[in-house]
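# fold the following and give me the result.
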Amino acid sequence: MSINEVFRSFKAQPVNQLAKIQAERPIWFVMVGAAIFLILSAIFYFQLFLAMAPCEKCVYIRFSQSCIVIAGLIILINPRNNILKTLGLLLAWYAMIQGWIWSFELMKIHDAAHMVVDESMDFFAAAGDAAGSACSTEPRFPLGLPLDKWLPFEFAPTGGCGEDDWALFGLNMAHYCMIAYATFMVCLAPLTLGWFASFMTDRRNTIVYQTR
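Numbering: from 1, shown residues only. Next up, the predicted model:
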């Protein structure tokens, strides 16, 4: 099937095409790969190469990205299994929404810290006070998971929120995390719709078959 034929069939029956896509593994490999890329970028580029110590919100964001990976792996076991798909989608939506919220909170702290810096022109004193008051070196992960004890290099906060000056095209790390989570959600929404449509169709077919 050519690309033009794929687009024509998608245009004619978008929900059916989404149902087919979400029932196969490739799209979920993409989701897992994207989340792994974000995690590895944070660790190897920002933490190791740029020597930027992760803050409390940063490790929470890593946790949410790890949840996206786990959600994708659950679905990859069998994308056609409704129980696994439900568990995976619930975890993925939780991780994406919560990750966006943590990124937004980090952005607000970053903006507040740098606003104080602009007024005082003393970065280490002002930003440290502003960021430190909103961050902790003892994170509280969901379900009480001691990830900072199990994997301290990845999940133990050693920096203050909002202390970094890194930016690209005028956007800081928190902004890009928000964009990443928004992209995840925009992509997951039609896949969720496709799965739900497929689930309801299968259920109706089952009911019709049982009533014959």
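
# which residues touch residue 75?
28, 84, 85, 88, 89 (Cβ atoms under 8 Å, 6 or more residues apart in numbering). For glycine as for every other residue, the C-beta is placed from the backbone atoms N, C-alpha and C.

# once you drop chain neighbours, what's closest to residue 15?
Distances taken as Cβ to Cβ, 6 or more residues apart in numbering place residue 197 nearest to residue 15, at 4.9 Å, with adjacent residues excluded.

# what about stretch 90-109, distance to the chain center?
7 Å (Cα atoms, centre = their mean, to the nearest Å).

# helices and strands of this protein: which one bottoms out on pLDDT?
Counting by mean pLDDT, DSSP states H and E, the chain has its least confident helix or strand at helix 123-132, which shows a mean of 45.

# what is the subsequent helix or strand relative to that one?
Using DSSP states H and E, the helix or strand that follows helix 123-132 in sequence is helix 147-150.

# which of the residues in the helix or strand following that next one are buried?
Using DSSP H and E, the next helix or strand after helix 147-150 towards the C-terminus is helix 152-155. By neighbour count on 16 or more other Cβ atoms under 10 Å, the buried set for helix 152-155 is 154, 155.

# for the remainder of this discussion, apply numbering that starts at 731.
Fine by me, first position is 731 from now on; the one you just mentioned is helix 882-885.

# quick one: contacts of helix 882-885?
Contacts for helix 882-885 (Cβ under 8 Å, 6+ apart): 773, 789, 792, 793, 869, 871, 877, 878.

# that one - what's its average pLDDT?
The average pLDDT for helix 882-885 rounds to 92.

# can I get that helix as PDB, trimmed to CA atoms?
Extracted as PDB, the C-alpha positions of helix 882-885 are listed here (Å, rounded to 0.1, in the frame of the first residue of the first chain):
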ATOM      1  CA  PRO A 882      20.500   8.000  43.800                       C
ATOM      2  CA  PHE A 883      22.300   9.200  40.600                       C
ATOM      3  CA  GLU A 884      19.100   9.300  38.700                       C
ATOM      4  CA  PHE A 885      16.500  10.300  41.300                       C
END
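
# now it, how far from the centre of its chain.
With Cα atoms, centre = their mean, you get 18 Å for helix 882-885.

# after that helix, next one along is what?
helix 903-941.

# what packs against that next one?
helix 744-752, helix 756-770, helix 786-807, helix 812-850 (3 or more Cβ pairs under 8 Å, 6 or more residues apart in numbering; DSSP states H and E).

# the closest residue in space to residue 907 that isn't next to it in sequence: how many residues sit nearby?
Of all residues not flanking residue 907 in the chain, residue 833 sits nearest, at 3.8 Å (Cβ to Cβ, 6+ apart). For residue 833, the neighbour count with other Cβ atoms under 10 Å is 25.

# if I pick residue 833, what's in contact with it?
787, 791, 904, 907, 908, 911.

# min pLDDT across these, which one?
Where pLDDT dips furthest among the contacts of residue 833: residue 904, at 89.

# count of residues packed around it?
24.

# that one contacts residue 831, correct?
No. Look at residue 904 against residue 831 with Cβ atoms under 8 Å: they stay out of range, at 11.5 Å.

# ok so, going back, tell me the one of the contacts of residue 805 nearest residue 746?
residue 815 (17.0 Å; Cβ to Cβ).

# that's all I had, so thanks and see you.
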